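In: here is the input, now give the coordinates:
(2 chains)
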Amino acid sequence: MNTLIRPAISLFVLLSAVTGLLYPAVVTGVAQTAFPTAANGSLIVKDGKPVGSELIGQHFTEPKYLWGRPSATGPMPYNAAASSGSNQGPLNPALVDAAKGRAETLRAADPGNTRPIPIELLTASASGLDPHISPAAADYQAERVARARGLDAKTVHRLIISHTEGRDLGLFGEARVNVLRLNLALDALYG
Amino acid sequence: MTQHAWILLGLYLTILLLLAKPVGLYIVRVMDGRLAFATRIDNAVFHLCGIRRDEEMGWLKYALAIILFNALGLVAVYALQRLQLWLPLNPQAMANVTPDSAFNTAVSFVTNTNWQGYGGEATMSYLTQMLGLTVQNFLSAATGIVIVIALIRGFARHSAAGIGNAWADLFRVTAWILLPLSLVFALFLASQGVIQNFAAYQDVTTLEGSSQTLAMGPVASQEAIKMIGTNGGGFFNANSAHPYENPTPLTNFIQMLAIFLIPGALCFVFGRMVGDMRQGWTVFVAMTVLFVVFAIGAMTFEQQGNPLLANVGAGGTAMSTTALTDGNLEGKETRFGIAESALFATITTAASCGAVNAMHDSFTPLGGAVPLVLIQLGEVVFGGVGSGLYGMLVFAVLAVFIAGLMIGRTPEYLGKKIEAHEMKMTSIAILVTPLLVLLGTAIAVMSEAGRAGIANPGAHGFAEILYALSSAANNNGSAFAGLSANTPFYNGLLGIAMWFGRFGVIVPVLAMAGSLAAKKRIPVSSGTLPTHGPLFVTLLIGVVLLVGLLNYVPALALGPVIEHLLLWSVK
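Out: Residues are numbered from 1 along each chain as shown, chains lettered A, B, ... in the order given. As a prediction, this is how the structure comes out:
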């Protein structure tokens, strides 16, 4: 046993220092030098102030903005200091009730729109911070946004198309629209 | 399955195959101490730490070394959590973690489980994340790898007293395999948007004028080893669904590759070290076949969607069923969609990773049964780093034994006679986890404290408990996360399941390695059952499914099966 204790302790201390201090420090040093924006949270700065992160969704309720995915974080939606999904099972009545409530809210904000509502506007994201919606979910909201801003719906549709990212390398993931980026563009172009 | 899903699966397997063999051959060189540039550093470290590099340990000494080393990790992670408020690198002034949660998390990270009863960004200081959790991400992965190397040496050597030097093995795996891979991967992640800083949480004013606090931290460095070491413990509560852990579909794809990279490579390590590459290929093919079947299942079921939501979003025309055909997006991220989420869930539970990019609790009943069953098979479909292959080799020994009974010959595997001692160890290694899972589930279901944690009503609530125990005892770490598990009851119960689920398998595996190494090699004869080729692949898959699954059929019937029948009968 004695022949085990010295190697155990010294190897443990050495490897802890290397993997727990040196390694994160080196990664931080290189990342802060080579990719400072990404390493610090991909913040979007407007008039010298950070207004959010490109990667973290925000909670939108005003009709003039596109709305993102429903968020299940507590105590408020899009709490970026406590990410979480709803964890509701497929048979949970609360899941269906929540979806119905979201559908009512969307229809009430845009009574003339009788098209089916894309599923991701009815279901909570995994992180509660999803920054994206699909182009279909953005299009669904275009008329509401246009009306609230006194714009032609075609203008909003065009903006959605120009803000649509395809699959990564044409292969991975899904086509998507960054909600915060699009809303910032709406504000910048049309007040 | 959509066309996109097929392409994704095909691409994934192709790239994995291209990477696995070269990485495997590199691992062999590292473990044989044949890396030229590493020798001087190795020698200096061994000298410093009092390690005699040429000392060959018997299995018992090897096991003691491993357990002692892991016990030190347990103490360190526990202490860091209990003292973090008074230690540096805690800009958010995170409080000291409670004793039961700290115990659970310490066991969890030391055993490569990375079950998380806590939410990372609301609980852990940066120092705890780095010096406690990241360190164990490395060391628990190294532990798994050295165990399988020791077992392979048991097959490869003959008439030998030792199975290697635990200290030299641990150091080489960490320094020359895990660390370089992680460094490269972490920097790639950081370039794509995974954060890496020591700043305090950032307050921003949103477009609508409310305030939002963005959690920060040294994420990329932990994220890299979390995947490469099949650990799976997220920096944040939402794990790889969090945009700061997994910002793009591209990072997601590379993360999926990182999970299977070493487990896949180890198949070729096995083939090379026993001197017959066909043996490695056989295991690799058996794993791939099982994996493809489960992956197709998960992607298909999730694409089917939830019939209860089918008409909620229907428009003015009764025809519209958009919601149903778009699949089950509850608990999934838009950028990953159905295919990437379901594939990730399959990979993370086939391996003992347990990272998630979607919430398994919200999967369809059968879509969620795929990760559950993969965990219950013992995570031998590629599996955890090391643990997957040693689990699969234990099944291979069992397969050889069963075949031996059928053809009436003494079973042998790779020139070693499989005798009573090996079969005892095999039985313990295979039975210890079902025992922990089923007994643990029974205890939880029968006790008030256990039932109190349930989040979803009905059969799904039972499935949450079954998943928790399966995940803990098999060292996966993913969850049906609705279960409120950060209670003294679950922290204790799951902590015990994780510890014995890990070392209750490692010790018999090492014992088997020791006895195999000591045996003479018997030459191949016309009566030898070949352990390569399609016949043995079929036999191996059959044994894995039969033995791995039979234990759980009644429990599965009470959970996902009932739930599936209910879901599709509700109108």
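In: which residue ranges of chain A form helices?
Out: Secondary structure of chain A by DSSP state H: the helices cover A:2-17, A:23-34, A:36-39, A:93-109, A:135-149, A:153-162, A:179-190.
In: gap between B:R157 and chain A?
Out: 22 Å (Cβ to the nearest Cβ, to the nearest Å). The C-beta positions use only the backbone N, C-alpha and C, and glycine is treated the same way.
In: please name the residues that touch that residue.
Out: B:I163, B:A517 (Cβ atoms under 8 Å, 6 or more residues apart in numbering or on different chains).
In: change it to 7 Å
Out: B:A517 (Cβ atoms under 7 Å, 6 or more residues apart in numbering or on different chains).
In: got a pLDDT number for it?
Out: The score at B:R157 is 96. That number is its pLDDT.
In: likewise for A:H59?
Out: 97.
In: does A:F60 touch A:P70 like I think?
Out: No: using Cβ atoms under 7 Å, A:F60 makes no contact with A:P70, being 11.2 Å away.
In: of those two, which one has the most company?
Out: Between A:F60 and A:P70, counting by other Cβ atoms under 10 Å in any protein chain shown, A:P70 is the more crowded of the two (23 against 20).
In: can you list the domains in chain A?
Out: Listed by automatic domain parsing, the domain ranges of chain A are A:2-36, A:41-190.
In: which of those domains sits closest to B:R272?
Out: Among those, the nearest to B:R272 by Cβ to Cβ is domain A:2-36 (26.3 Å).
In: pLDDT of the closest one, averaged?
Out: Across domain A:2-36, pLDDT averages out at 96.
In: just stretch A:133-153 next, same as before
Out: 95.
In: before we move on, what about stretch B:247-261?
Out: pLDDT averaged over stretch B:247-261 gives 98.
In: pull the contacting residues for residue 73.
Out: Here I'm looking at chain A. Counting by Cβ under 7 Å, 6+ apart, A:T73 has contacts A:N79, A:A82, A:S83, A:S84, A:G128.
In: ah, no, chain B please
Out: B:V110, B:Q136, B:L139.
In: try it again at 10 Å.
Out: A:12, A:15-16, B:106-107, B:109-111, B:132, B:135-136, B:139-140, B:143 (Cβ atoms under 10 Å, 6 or more residues apart in numbering or on different chains).
In: and B:L435, how many neighbours?
Out: 16.
In: quick check: A:R144 vs A:E120, distance?
Out: 17 Å (Cβ to Cβ, to the nearest Å).
In: no, scratch that, I was asking about B:R502
Out: On the measure of Cβ to Cβ, B:R502 and A:E120 end up 39 Å apart.
In: circling back: buried deepest among the domains of chain A, which one?
Out: domain A:41-190 (a mean of 20; mean count of other Cβ atoms under 10 Å in any protein chain shown).
In: nearest to B:I228, of the contacts of B:G73?
Out: The closest of those, once distances to B:I228 are taken by Cβ to Cβ, is B:S140, at 12.1 Å.
In: relative to B:T113, how far out is the closest residue in space to B:V285 that isn't next to it in sequence?
Out: The shortest distance from B:V285 to any non-neighbouring residue, by Cβ to Cβ, 6 or more residues apart in numbering or on different chains, is to B:V537 (5.3 Å). In this view, B:V537 and B:T113 are 29 Å apart by Cβ to Cβ.
In: so which of these two has more stuff around it?
Out: B:T113 (33 against 20).
In: circling back: can you put the domains of chain A in CSV and add distance to B:L414?
Out: Below are these laid out as CSV (distance: least, Cβ to Cβ, whole Å):
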stretch, distance to B:L414
domain A:2-36, 30
domain A:41-190, 40
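In: list the contacts of whichever residue of chain A sits closest to chain B.
Out: Closest residue of chain A to chain B, Cβ to the nearest Cβ: A:G173 (2.4 Å). If you count contacts by Cβ under 10 Å, 6+ apart, A:G173 has them with A:132, A:165-167, B:4, B:8, B:248-253, B:333-337, B:339-340.
In: can you tell me the closest non-neighbouring residue to it?
Out: B:P249 (2.4 Å).
In: returning to what we had before: mind checking which of the contacts of B:G73 land in strands?
Out: Among the contacts of B:G73, none falls in strands (DSSP state E).
In: quick check: the farthest pair among the residues you listed?
Out: Comparing all pairs in those by Cβ to Cβ, the longest separation belongs to A:L15 and B:V107, at 19.3 Å.
In: next SSE downstream of the helix or strand encompassing B:T14?
Out: Secondary structure from DSSP states H and E places B:T14 in helix B:3-31. Later in the chain than helix B:3-31, the nearest helix or strand by DSSP H and E is helix B:39-49.
In: can you pull the buried residues of that next one?
Out: B:D42, B:V45, B:F46, B:C49 (16 or more other Cβ atoms under 10 Å in any protein chain shown).
In: in this structure the first one contacts B:D169, no?
Out: To tie it back to what came earlier, the one meant is B:D42. No: counting by Cβ atoms under 10 Å, B:D42 stays clear of B:D169, with 11.3 Å between them.
In: between those two, which contacts overlap?
Out: Listed contacts common to B:D42 and B:D169 are B:G33; contacts here mean Cβ under 10 Å, 6+ apart.
In: tell me the contacts of whichever residue of the stretch 101-250 of chain B sits closest to chain A?
Out: Taking Cβ to the nearest Cβ, chain A has its nearest neighbour within the stretch 101-250 of chain B at B:P249, 2.4 Å off. Residues in contact with B:P249 (Cβ under 10 Å, 6+ apart) are A:165, A:167-169, A:171-174, A:176, B:8, B:333, B:335-337, B:339-340.
In: can you flag which of the residues you listed belong to strands?
Out: Of the contacts of B:P249, the ones assigned to strands by DSSP E are A:E165, A:R176.
In: pick the one among the contacts of B:P249 closest to B:N306.
Out: Comparing the contacts of B:P249 against B:N306 with Cβ to Cβ places B:G337 closest, at 15.4 Å.
In: which one is that closest one nearest to, not counting chain neighbours?
Out: Nearest to B:G337 is A:E174, by Cβ to Cβ, 6+ apart, at 3.8 Å.
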